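A.B. asks: Here's my sequence, what's the structure:
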Amino acid sequence: MDKRELAAIKPCLRSGYCCKKATCVLGLAHGAPSRGCTFLVGDSPGEYSCQLINENPELGSYIAINAGCSSTMFNVDREIAKAKLT
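C.D. replies: Alright, predicted model coming up:
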């Protein structure tokens, strides 16, 4: 990725959108279904996190968790999380 592409990535707001749509390789390796990861914890958009990463922070370097959001369009959960910040 060049600098312009990196600058265009929106920050992760912990909406849970990605984990709900497709489970990452770590979740799959630990038995989660391919869609709707069971390791997504939290009560609402903006508060979600990964139980696997919470318990084993070193695993975070293997996936792009909190690396930014590439699914900003039609992501209602992201808009809810964004509203909580204002």
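A.B. asks: What is the longest helix seen in the chain packed up against?
C.D. replies: When the chain is scanned for its longest helix (criterion: DSSP state H), the result is helix 76-85. Packing contacts for helix 76-85, counted by 3 or more CB pairs under 8 Å, 6 or more residues apart in numbering; DSSP states H and E, involve helix 17-21. Every C-beta, even on glycine, is put in place using the N, C-alpha and C of the backbone.
A.B. asks: who's in contact with the helix it packs on?
C.D. replies: Identification of contacts with helix 17-21 by CB atoms under 8 Å, 6 or more residues apart in numbering yields 24, 27, 35-37, 39-40, 48, 50, 69, 71, 75, 77-78.
A.B. asks: Which helix or which strand is home to residue 36?
C.D. replies: Using DSSP states H and E, residue 36 falls within no helix or strand.
A.B. asks: So which residues of the protein form strands?
C.D. replies: Ranges of strands within the chain are 40-41, 49-50, based on DSSP state E.
A.B. asks: if you compare these, which one is most tucked away?
C.D. replies: Most buried of the strands of the chain, by mean neighbour count (mean count of other CB atoms under 10 Å): strand 49-50, with a mean of 20.
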